[in-house]
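Student: Pasting the sequence and the predicted coordinates here, then a few questions.
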Amino acid sequence: MWHTPARSALVALGAATALVLGAGAPALAQGGSDGLNDQRLAPRTQFTMQPDGSSGATEGGEGIPNIDSVKKTIATYYGDPGTGLANKASSPYIAEMGAITASLSTDLKKKYNQAIKQGKKPAIVLDADDTTLWTYDMEVADMHFNFDPVEQNVWVQERRFPATPGMVNLVNEANSIGYTIIGLTGRSADQKAATVLNLKDVGYEGFTDDLYFTKWAAGDQPAYITCATAKCTTVEYKAGTRRHLVQDLGYDIVLNIGDQWSDLMGGYADRAVKLPNPTYYLPSPNLPGQNDPTMHPQTRFSMKPDGSSGLTAGGEGIPNIDIVKKTLATYYGDAGDGFSNKQLSPYISELGRLEQQVMQPLLNECRQASRRGTNPAVVFDADDTTLWTYDMEVSDMHYNFDPARQDVWVQNEAFSATPGMVSLVNRLGDAGCTIVGLTGRNSLQKSATLENLANLGYQGFTSSLYFTKWLSNEPQPSYVHCATAKCTTVEYKSQTRKHLEQDLGYHIVANFGDQYSDHLGGYTGRVVKLPNPTYYLP
C-alpha cells in the first residue's frame, strides 16, 4: 500500500564509512514489495583482524568477523555436523593435515642423514595439544570454546584425546629413521605421565618420560630456564627448553612442530612448522631482540556467513575464535569481565554516528508524512536494536546462547538500552511516527519486554503494535504464510511489515534492526542496519 521501493535506503555503518542512499537514490535493499531483490542486504565477507584484538577499535561492527559465522566456519573445517564432535574420517582439516605431514615426510631421511654426517644428534620436538593430541571434541562439545582447566585435567588424566590426524605416521616414521622424539608442552608436571601414556595409547612411538618436557610445579623451575619475571612466558619456557636441548644436550632440532606461533618463536630449531588451529590462540611475546615477521597469525580473511569458507580457506585462513573474542571485547569496551562499557567504546561511538546520520532525515519524513495524513511508522527490533544483550551474551552465556537463561533476563527486565536509541525512538515518536516493535521474542515475553522498554525511558511502544513470535500451541497469525510449519525469521518479519502496510494502513518510514534477517523481504522503508558481531541470525 504505502511501500515505495524507489525511496528505500540502506544505512549501515561499517569499517570506516557509512553507506546511505536517500530519496534520490536507486532502490538498494529491495526492488519490489515482495523483497526478492535483497541481494545487497548481506554480511561482509572480507575482514582485517589483528591478533591482539586491536582491530575492534578501528574496523566497526560490520568489519569484525561475526562469532556465530566463525563457529560455523570452524565446524565445517573440522567436519563437525553441529554436535561439537569432529569427523574423524574425512574433513578439510584432515585433508590439510595430510598434505602437511606428507610434505614433511618427503625429506625426513635426507635431513637425518645430513645431521648424522655433520656429527649431530637429529631430533624432532613436538607440542602436545593439537600437534600430537587432538582437542577439538573437548574444546567444542564439552567446553563450547570456553576453556576450563579443571575439565581439561579430567580429559588429560583419563587419556581421552585421539591423535592429531596424520601425526602418528609422521612421528613413527621419524622414530624408525633414528630421530630422537622429544615432547615439549604447556601441560603441567602432574599431567606428564598421563600425557605420555595417551600418546602410546593412540599409537605414537619414541616418546619417553626423560625427554618429555612439561611446565614445572611451583619451586621446581629448571636451572636452564631464565625468565624476565617470576612467571615465565610460553616462549621463554619453550625456547629456553630448546636451547637446553641444543646447547646442553647436543641435539640438532631438525623440526619443531606446534599448532601455536608461541610453540615456534624464539629459535633453536632448523625448521619450525605451524599446524592449523583456529579453535584457540595462545599468544606470547618473543624473546628480546627477536622479531620474526613470519611468526604471526594471518590478518586478512575471507569468510562467508554460512560457514562454507571452512571448506576452502584452510586453518590459517579462518578467523581464530579467541582473537575474535578479543576483538569483540575491544569493540564493546569490555575489560575482560564480559561486561560492556556503558559510557565509552568504539561500539557506542559507531552507534552515535549512525543515529546522527539518520535522525534528521527521518524526523523530516515523519513530520511530512504525518502532515499528509499517511500514517508514518518506524519499526524496531528488540535485542541489540532497542535492548542491549552484550552482558547476557558474554558475561552470562559466554557466547553460547541458552534460551532458558535468556528468558530469565527477559522476565527480570534486566537489559540496558542500546546506546542512543531511547532518544532516537522518542524523538521519532514526537515527530509524528507511530512506533512499532517487531521481535523474535515469544508471546510470553511480550509483557516483560514492554516493561523493560518503558523502564528505560522508551515512549511510544504499545501492546497492540508490539509483535512477538507465537508459541507452538498458539494460532499463527492469519496474515503470515510460511513455506513449512516453522516460519523463518524473514517470513515472520517481512509479512508482519506487509500486514502493517497493507492491512493496517501504516506507511513504514524506516526499519531498524541489528540482523540482516530483520530487513530482508521488503516492506521496510529506509533500512537501518545496526552493528552486531556477537551473534548471527540468518
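Tutor: Arrived safely, thanks for sending. Numbering: from 1, shown residues only.
Student: and the nearest residue to Lys469 once chain neighbours are set aside, how far is that from Arg353?
Tutor: Closest residue to Lys469 apart from its sequence neighbours, by CB to CB, 6 or more residues apart in numbering: Asn442 at 5.0 Å. C-beta here means a position set from N, CA and C on the backbone, and glycine is covered the same way. Counting by CB to CB, to the nearest Å, the gap from Asn442 to Arg353 is 33 Å.
Student: Also Thr496?
Tutor: In this view, Thr496 and Arg353 are 29 Å apart by CB to CB.
Student: ok, the two, which is more surrounded?
Tutor: Thr496 (18 against 12; other CB atoms under 10 Å).
Student: so the more buried one touches Gln476, yeah?
Tutor: No - with contact defined as CB atoms under 8 Å, Thr496 does not count as touching Gln476 (11.5 Å).
Student: which residues sit in contact with the nearest residue to Phe207 once chain neighbours are set aside?
Tutor: Spatial nearest neighbour of Phe207, chain neighbours left out: Leu199 (5.0 Å); criterion: CB to CB, 6+ apart. Applying CB atoms under 8 Å, 6 or more residues apart in numbering, we find Leu199 in contact with 132-133, 183, 207.
Student: Would you mark the buried spots in the helix or strand containing Leu199?
Tutor: Take DSSP states H and E as the rule and Leu199 turns out to sit in helix 192-201. By 16 or more other CB atoms under 10 Å, the buried positions in helix 192-201 come out as 192, 194-196, 198-199.
Student: from those residues, which single one is nearest Asp263?
Tutor: Distance to Asp263, by CB to CB, is smallest for Thr195 among the buried residues of helix 192-201, at 15.3 Å.
Student: distance of that closest one from Asn364?
Tutor: Taken as CB to CB, the span from Thr195 to Asn364 is 68 Å.
Student: Ok, Thr208 next?
Tutor: Separation of Thr208 from Asn364 (CB to CB) stands at 78 Å.
Student: Ile318 now?
Tutor: Using CB to CB, Ile318 is found at 45 Å from Asn364.
Student: where does this protein have its least confident helix or strand?
Tutor: strand 18-20 (a mean of 33; mean pLDDT, DSSP states H and E).
Student: Helix or strand next in line after it, which one?
Tutor: Later in the chain than strand 18-20, the nearest helix or strand by DSSP H and E is strand 46-48.
Student: Would you list the phi and psi of the residue nearest the centre of the chain?
Tutor: Nearest to the mean C-alpha position of the chain, counting by CA atoms, centre = their mean, stands Ile67 at 2.2 Å. The phi/psi pair for Ile67 (degrees, to the nearest 10) reads phi -70, psi -30.
Student: got it, and Leu133?
Tutor: Main-chain torsions, Leu133, degrees, to the nearest 10: phi -120, psi 140.
Student: is it in a bridge, and if so with what?
Tutor: Applying DSSP bridges to Leu133 gives these bridge partners: Asp129, Ala163.
Student: so how many other residues sit close to it?
Tutor: Leu133 has 27 neighbours, counted by other CB under 10 Å.
Student: From Ala141, how far off is it?
Tutor: Distance of Leu133 to Ala141, computed by CB to CB: 16 Å.
Student: mind listing what Ile348 touches?
Tutor: Contact partners of Ile348, counting by CB under 8 Å, 6+ apart, are 333, 341, 419-420.
Student: Save those residues as a markdown table, and put in pLDDT and secondary structure too.
Tutor: Listed next are the contacts of Ile348 as a markdown table, based on pLDDT from 0 to 100; DSSP: H, G, I helix; E, B strand; the rest coil:
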| residue | pLDDT | secondary structure |
| --- | --- | --- |
| Gly333 | 98 | coil |
| Asn341 | 98 | coil |
| Pro419 | 98 | coil |
| Gly420 | 98 | coil |
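Student: Now the buried members of those residues.
Tutor: By neighbour count, with 16+ other CB under 10 Å, these hold 333, 419-420 as buried.
Student: Can you lay out these as TSV showing distance to His398?
Tutor: Shown next, in TSV, are the buried ones among the contacts of Ile348 (distance: CB to CB, whole Å):
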residue	distance to His398
Gly333	18
Pro419	23
Gly420	27
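Student: follow-up on the earlier one: neighbour count for Ile318 and Asn364, which is higher?
Tutor: Neighbours were counted for Ile318 and for Asn364 using other CB under 10 Å; Ile318 has more, 27 against 11.
Student: residues contacting the more buried one?
Tutor: Here Ile318 is in contact with 70, 73-74, 77, 278, 301, 303, 309-310 (CB under 8 Å, 6+ apart).
Student: How about Tyr281?
Tutor: Per CB under 8 Å, 6+ apart, neighbours of Tyr281: 51, 260, 297, 320-323.
Student: Between all of those residues, which two are separated the most?
Tutor: Going by CB to CB, the pair spanning these furthest: Gln260 and Ile321, at 13.7 Å.
Student: what are the ranges of the helices in the stretch 1-150 of the chain?
Tutor: 67-78, 92-105, 108-117, 136-137, 149-157 (DSSP state H, counting those that start in this stretch).
Student: Of all these, which one comes closest to Pro531?
Tutor: Short answer: helix 67-78, nearest of these by CB to CB, at 13.2 Å.
Student: Quick one: work out the angle between that closest one and helix 92-105.
Tutor: For helix 67-78 against helix 92-105, the angle by axes from the mean of the first three to the mean of the last three CA atoms, to 10 degrees is 50 degrees.
Student: Please tell me how far helix 67-78 is from the chain's geometric centre.
Tutor: 8 Å (CA atoms, centre = their mean, to the nearest Å).
Student: Let's have the buried residues of helix 192-201 in JSON lines, adding pLDDT.
Tutor: Shown next, in JSON lines, are the buried residues of helix 192-201 (pLDDT from 0 to 100):
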{"residue": "Lys192", "pLDDT": "98"}
{"residue": "Ala194", "pLDDT": "98"}
{"residue": "Thr195", "pLDDT": "98"}
{"residue": "Val196", "pLDDT": "98"}
{"residue": "Asn198", "pLDDT": "98"}
{"residue": "Leu199", "pLDDT": "98"}
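Student: now, which of those residues sits nearest Phe147?
Tutor: Within those, proximity to Phe147 (CB to CB) peaks at Thr195, which comes in at 17.1 Å.
Student: these two touch, right, the closest one and Glu158?
Tutor: No - with contacts counted by CB under 8 Å, Thr195 stays clear of Glu158, the gap being 11.7 Å.
Student: The longest helix along the chain: what's the following helix or strand?
Tutor: Ranked by residue count under DSSP state H, the longest helix found in the chain is helix 346-372. Heading C-terminal from helix 346-372, the first helix or strand you meet, by DSSP H and E, is strand 376-380.
Student: That next one: partners in the sheet, and parallel or antiparallel?
Tutor: Within its sheet, strand 376-380 is paired with strand 434-442 (parallel), strand 507-513 (parallel), according to DSSP bridges.
Student: Can you dump the C-alpha atoms of it in PDB for me?
Tutor: Extracted in PDB, the C-alpha atoms of strand 376-380 (Å, rounded to 0.1, in the frame of the first residue of the first chain):
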ATOM      1  CA  PRO A 376       4.000   7.100   9.100                       C
ATOM      2  CA  ALA A 377       5.600   4.300  11.300                       C
ATOM      3  CA  VAL A 378       9.000   3.200  12.300                       C
ATOM      4  CA  VAL A 379       9.600  -0.500  13.100                       C
ATOM      5  CA  PHE A 380      12.200  -1.500  15.700                       C
END
